[in-house]
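**Q** Need a 3D model of the following:
(chains A, B and C)
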Amino acid sequence: MGAGARERGGKRRTSWAPYLLTLPGTAWLFVFFAVPMATMFAVSLQEGSIETGYTLTWHWPTYAEVFDLYRLQLFRSLMYGLIVTLATLLISYPMAYWIARRGGRRKNLFLLLILLPFFTPFLIRTISWQFVLADQGILLGTLKDLGAVSESFKLLASPVAVVSGLTYNFLPFMALPLYVAIERLDPSLLDAAHDLYSSRATAFFKVTLPLSLPGVFAGSLLTFIPSVGDFINAEFLGSSTTTMIGNVIQREFLVNVDYPDGAALSFLLMAGILVMVFLYARSLGTEELTG
Amino acid sequence: MGAQQAEVGSRAMTAPAPARRRRRRREWFLPAFTGLVMAYLFVPVIVMALFGFNDYRGRFNLVWQGFTLEHYRNTFGIPELTESLTNSLIVAATSTVVATVLGTLVALALTRFSFRGRAPLNLLIFVPMATPEIILGVSLLALFVSVQVPRGMMTIIIAHIMFCVSYVVVTVKARTTGFDRNLEDAAQDLGATPWTSFWTVTFPLIFPGILAAAMLAFVLSIDDYVITTFLAGGTVTLPLWIYGISRFGVPAQVNVIGTLIFAIGVVYVVVSVLRSRRANAPPPVLTKG
Amino acid sequence: MDERDREELKRLIARHPRRVSRRDLLRRMGIGAGALSMAAWLSACGIEGESGGGGGGENGSGFSTNKVVGELNFANWPGYIDKKGGGSPTLEQFTKETGIEVNYQTVISDNLSFYGTIREPLASGQEIEWDIIVVTDWLINQMANLGYLEELDHSLLPNFEANAGEIYKDPTYDPGNTHSVPWQSGITGIAYNVELTGRDITSVNDLFDPQFKGKVGMLKEMRDTMNLVLLGLGINPEDATIEDAEAAQQKLLEQQEAGIVRQYYGNEYLAPLANGDLAVTMAWSGDVLGKTIGNPNIKFTVADEGGILWVDNMAIPQGAAHPIDAHKMMDFVYQPEIAAQIEAWVNYICPVPAAQDILKKANDSYTRKVASSPLVFPTPEMEERLHHYKNLDPEEEEQWNALFDEVIQR
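**A** Numbering: from 1, shown residues only, chains lettered A, B, ... in the order given. Purely as a prediction, here's the structure:
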């Protein structure tokens, strides 16, 4: 204690004030986030069944077993997450760039327009996609009538549908951090870059892109993490061959009521995500994890 | 998302860089691309809204059969849907209020004080946002199971507060960081007590940030399916009801309610844009950051 | 306790009602005379799951109360009761006649997911919020064996005794209807869109026809899919061995690898069937027969190899707060007029044969058609073609589930 008086104006504030202010929120997060994570870790090392009760036996082999059973779904989820992150980046960057640099006084409007569709509940949006992409639906039905695709062509129940659904649903998580990062850049700096480099492309890749990397990084995290753990898109738009790790975890907990298996899988998922994020952070050379 | 939203409000008046002629000429690709993406974003919403007016027969609202306002007249004609909506509103309202209070206090402490334990605190706030929802849900389930707490409305609210707090902290922090403490000092030099100076100076300044955070918390809560599904017990919220009924044929009332929620979003956008327009006028003396 | 004892323990607990199991189990494990005090110790430590559900024991029935409370929490599947406007005439009539308010929730969309929501509180002896649940026969059997269901007081069910069809009394999954009475019964068969198939479907093997690649639906309920595929293989599911189950799995895997199957569904196969995403799919009789699909090209058939007959039953979870109110409801729907009213809307198999005559006198032709459908009131010829699910012991169940999980979660 006692470190609180360093800041300007702090002299009037007693040093316990910050602790008092943070206590309720911190306590809440501790009890309902940190403690559950620890509990889940303990559960992953238990054995038993719901009828016989669970006992903590430090049964590490559960991890190996569930990894062996479900590594395909785990890798598939990480792969889908990667593709989704890349796709949202490619779609959002030009849009965020244009809005931030050329949006003028309508910037706000454009930005809110991107957000607006996401006021519709997540499930309704996904069900709506299911409807749009149906074999004889408004998209494929029309294309089939025009003869653009063969009669047997389908989008639903395929990896393409799952990845597009995820891309759609997590797009704003990429677009917003990108926008903020690009909008923050000093226009005169970019002008100088244009004067310095002959082509706009060079100027973009040498100056704009590197400077917006924190936004890219924040956006990638916000997109990658939720999409890897998602199970709704795979359920509504996919098939049994697009099962993601989220579907498996959900089934273990809610249908099979096998808590140790589900908990171990959850930690494997976390581990997978952390490894990917770490590699990504290293390759971008940014330490700014909090965006 | 929230942080950025708050950010946007404050940056609205940045003047665009003087565009140079030779660049302007070739600029058709980016606007066209942006337009396309926006169209793509609105596809499912338009479909949803449209089929809220469909005069369909039977269980499936899949083929356009004619225009009707029947589902709007009868929006609350399905008692279970209405009940789930009520449940969702109770959950969202309660968790928004609690999360906003808890999160704002933390954000104030983080921006106005330097104290030991900031780093672990920042971590505790950041990690829940970087954890997949499914893991937040199952870990809470594991906790409630092991201490034998029955699941229901209470456990849903607890969970929603938990995942909203972090977003509130980040959003409010974005607003308070740029805040000039001289104003508060000045108020106190003029004889105000810290309490008065907080309510008369500080609070009005950070209020937009708190409002944005509350809005975000509300949206996050009312839309949550993944975490809720693990903690609901027998309580059915709107997303849970829609999920259940989607296996059986979604009634048009769901489209109507979706459209109404969307309409609230539209109102929010219009109000925000109008307000930022007004902000383009010479800013009030106190506005800074 | 070594590994074998653990196994034995699990099996015993899985097979016997809880109340008996502890003592029985301890006796069997040779602990002998000290067992009773041990059991007392166990329950003192709170390990004993169920404590008679509140004030049980004293009133002799073991119910939490033996009075009508005026409240009933009823968990059922969607589309499983008559509807008019926003409500259900049956439920409204029930409330009017008995004064019992019904909180009717359609929270069950498949057996296991619903069971998952109540299993853990039941296992730890907590009261769950439902007074009546509706689940399929095999799950009734499992839950009753685990002591998760109240025993019914048949003196409160005169209409059931008087009006239930003979085949619904004393079923093998619940001898003497000790824990359950049927709500509806149905047939697992095949539905198809004749416009897309171009021909009538007659065989289970049509589900494996490459001609329908990507447009075939199968069910996510392990028992339905495995048993129907076994029928297609010429095996009577009731006599199936684990080798037969493996053969069925093989067939399902081939179907998947050839891209024939589109997805494994719960009730949600209906929308893709209605909009043309599916040409042929496994289906439950009442869903498709209903006027609800609104597409005359969609037909339901019981394949030449046969179909599966199952029964969804009402039961009272252990420790339910309103057991007498629940009995009132169970008995109420066994009045022929009420059964007919539900049947005209639901179109599954009615457990009250007398409802048929009432429906035959209906004014509208659709209801009269329902009354004469062998899928709603099965004829003897139809009954002959119907099989039951294989009765799985816990070990078999685990094996079959593992085989099936491999198919649906790739």
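
**Q** quick one: secondary structure of whichever residue of the stretch 51-200 of chain A sits closest to chain C?
**A** For the stretch 51-200 of chain A, the residue closest to chain C is residue A:136, as judged by Cβ to the nearest Cβ, at 4.2 Å. (C-beta placed from N, C-alpha, C; glycine too.) Here residue A:136 is recorded as coil under DSSP: H, G, I helix; E, B strand; the rest coil.

**Q** burial count for the nearest residue to it once chain neighbours are set aside?
**A** Excluding the flanking residues, the one nearest residue A:136 by Cβ to Cβ, 6 or more residues apart in numbering or on different chains is residue C:276, at 4.2 Å. Residues near residue C:276, counting by other Cβ atoms under 10 Å in any protein chain shown, number 20.

**Q** List the contacts of residue B:137.
**A** B:159, B:226-231 (Cβ atoms under 8 Å, 6 or more residues apart in numbering or on different chains).

**Q** Equivalent analysis for residue C:131, please.
**A** C:72-74, C:316-317, C:320-323, C:325-326.

**Q** what subset of these is also close to chain B?
**A** Restricting the contacts of residue C:131 to those near chain B by Cβ under 8 Å from any Cβ of the partner chain leaves residue C:73.

**Q** With neighbour count, pLDDT and secondary structure as added columns, please give the contacts of residue C:131 in TSV.
**A** Below are these laid out as TSV (neighbours: other Cβ atoms under 10 Å in any protein chain shown; pLDDT from 0 to 100; DSSP: H, G, I helix; E, B strand; the rest coil):
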residue	neighbour count	pLDDT	secondary structure
C:72	27	95	strand
C:73	22	94	strand
C:74	23	95	strand
C:316	26	97	coil
C:317	25	96	strand
C:320	27	93	coil
C:321	21	93	coil
C:322	26	95	coil
C:323	31	95	helix
C:325	28	96	helix
C:326	28	97	helix
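
**Q** circling back: nearest to residue B:85, of the contacts of residue B:137?
**A** Closest to residue B:85 out of these is residue B:228 (13.9 Å), distances taken as Cβ to Cβ.

**Q** Quick check, the closest one in contact with residue B:241.
**A** No - Residue B:228 sits out of contact with residue B:241 when judged by Cβ atoms under 8 Å, with a separation of 10.9 Å.

**Q** measure the residue in the stretch 1-150 of chain A positioned nearest to chain B to residue B:265 for me?
**A** Closest to chain B within the stretch 1-150 of chain A is residue A:119: 2.9 Å, counting by Cβ to the nearest Cβ. According to Cβ to Cβ, to the nearest Å, residue A:119 and residue B:265 sit 3 Å apart.

**Q** Comparing those two, which residue is more hemmed in?
**A** residue A:119 (21 against 18).

**Q** in chain B, which segments are predicted with low confidence?
**A** Residues of chain B that meet the criterion pLDDT under 70 lie in B:1-26, B:177-181, B:277-289.

**Q** out of everything not next to it in sequence, what's closest to residue B:29?
**A** Per Cβ to Cβ, 6+ apart, closest to residue B:29 is residue A:94, 8.0 Å.

**Q** Nearest to chain A: which residue in the stretch 51-200 of chain B?
**A** Closest contact between the stretch 51-200 of chain B and chain A, by Cβ to the nearest Cβ, is at residue B:132 (2.6 Å).

**Q** Per-residue confidence, residue A:181, what does it come out as?
**A** Residue A:181 carries a pLDDT value of 89.

**Q** Report the buried residues of the strand or helix carrying it.
**A** Using DSSP states H and E, residue A:181 sits within helix A:159-184. Going by neighbour count (16 or more other Cβ atoms under 10 Å in any protein chain shown), the buried part of helix A:159-184 is A:159, A:161-183.

**Q** give the contact list for the spatially closest residue to residue A:237 that is not a sequence neighbour.
**A** Take residue A:237 and drop its neighbours on the chain: the residue closest to it by Cβ to Cβ, 6+ apart is residue A:161, 4.0 Å away. Counting by Cβ under 8 Å, 6+ apart, residue A:161 makes contact with A:129, A:133, A:155, A:237-238.

**Q** go again using 7 Å as the cut-off
**A** Counting by Cβ atoms under 7 Å, 6 or more residues apart in numbering or on different chains, residue A:161 touches A:133, A:155, A:237-238.

**Q** Adding neighbour count, write those residues out as JSON lines.
**A** Converted to JSON lines, the contacts of residue A:161 look like this (neighbours: other Cβ atoms under 10 Å in any protein chain shown):
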{"residue": "A:133", "neighbour count": "23"}
{"residue": "A:155", "neighbour count": "19"}
{"residue": "A:237", "neighbour count": "25"}
{"residue": "A:238", "neighbour count": "24"}
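
**Q** roughly how far out does stretch C:91-106 sit from the chain middle?
**A** 22 Å (Cα atoms, centre = their mean, to the nearest Å).

**Q** Now it - C-alpha only, CSV.
**A** In CSV, the C-alpha atoms belonging to stretch C:91-106 read as follows (Å, rounded to 0.1, in the frame of the first residue of the first chain):
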residue,chain,number,x,y,z
LEU,C,91,-54.4,-26.7,-21.4
GLU,C,92,-57.1,-24.0,-21.1
GLN,C,93,-59.8,-26.5,-20.5
PHE,C,94,-57.6,-28.2,-17.9
THR,C,95,-57.0,-25.0,-16.0
LYS,C,96,-60.7,-24.2,-16.1
GLU,C,97,-61.8,-27.6,-14.8
THR,C,98,-59.1,-28.1,-12.1
GLY,C,99,-58.0,-24.6,-11.3
ILE,C,100,-54.4,-25.7,-11.9
GLU,C,101,-52.3,-23.1,-13.7
VAL,C,102,-50.0,-24.8,-16.3
ASN,C,103,-46.6,-23.5,-17.1
TYR,C,104,-46.1,-25.4,-20.4
GLN,C,105,-42.7,-25.1,-21.9
THR,C,106,-41.4,-26.7,-25.1
